[in-house]
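Asker: What follows is a predicted protein model with its sequence.
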Amino acid sequence: QVQLVESGGGLVQAGGSLRLSCAASGRTFSMTAMGWFRQAPGKDREFVTKIDWSGGAAYYADSVKGRFTVSRDNAKNTVYLQMNSLKPEDTAVYYCAATYSLVHTTLPSYNYWGRGTQVTVSS
């Protein structure tokens, strides 16, 4: 079992920045990657980014590429999502997730999910 707790959400004006954190505990040694997903009201949950747990390779959705940066601190079992140049369309509940799979960009690949943190970007 892996437990995930997100923090750092909030309300920010367009163009602003926020940093989300996701602290993992439990059986983290077998994880292959951690990902961030988001779900806006009335929409499906979508992939945002992922980072390999060992090598640190990252991959981003086109909608956030160049604005968001994912990083990790293995010693703290924590993953961060730095979000810059935020837009109103970034408004969503952001979830972190952990996977033991070799596939890292699809929802079904992830085994554990946090409860989410709300990010609201005002125009």
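Answerer: Everything's here; your move.

Asker: which ones are touching Gly116?
Answerer: Going by Cβ atoms under 8 Å, 6 or more residues apart in numbering, Gly116 touches 6, 39, 93-95. C-betas here are computed from N, CA, C, even on glycine.

Asker: ok, and the closest non-adjacent residue to Ser101?
Answerer: Ser109 (4.3 Å; Cβ to Cβ, 6 or more residues apart in numbering).

Asker: Hmm, that neighbour is touching Ala98, no?
Answerer: No. Using Cβ atoms under 8 Å, Ser109 is not in contact with Ala98, being 10.4 Å away.

Asker: So among the contacts of Gly116, which ones count as buried?
Answerer: 6, 93-95 (16 or more other Cβ atoms under 10 Å).

Asker: what are the ranges of the strands in this protein?
Answerer: 2-7, 10-13, 18-26, 33-39, 46-52, 58-60, 68-73, 78-83, 92-99, 112-113, 117-122 (DSSP state E).

Asker: Can I get the ones you listed in CSV including distance to Thr105 and mean pLDDT?
Answerer: Shown next, in CSV, are the strands of the chain (distance: least, Cβ to Cβ, whole Å; pLDDT from 0 to 100):
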stretch, distance to Thr105, mean pLDDT
strand 2-7, 18, 96
strand 10-13, 26, 98
strand 18-26, 17, 96
strand 33-39, 8, 97
strand 46-52, 5, 97
strand 58-60, 7, 96
strand 68-73, 13, 96
strand 78-83, 15, 97
strand 92-99, 10, 97
strand 112-113, 15, 96
strand 117-122, 20, 98
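
Asker: Specify the beta-bridge partners of the most centrally placed residue in the chain.
Answerer: Nearest to the mean C-alpha position of the chain, by Cα atoms, centre = their mean, lies Trp36 at 2.2 Å. On the basis of DSSP bridges, Trp36 is bridged to Thr49, Cys96.

Asker: could you list every residue that touches it?
Answerer: 20, 22, 48-50, 70, 79, 81, 94-97.

Asker: Only whichever of these are buried, select them in ChimeraX.
Answerer: This is how ChimeraX selects the buried members of those, with burial counted by 16+ other Cβ under 10 Å:
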select :20,22,48,49,50,70,79,81,94,95,96,97
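
Asker: Could you check how far stretch 39-46 is from the centre of its chain?
Answerer: Using Cα atoms, centre = their mean, to the nearest Å, the mean C-alpha position of stretch 39-46 is found 14 Å from that of the whole chain.
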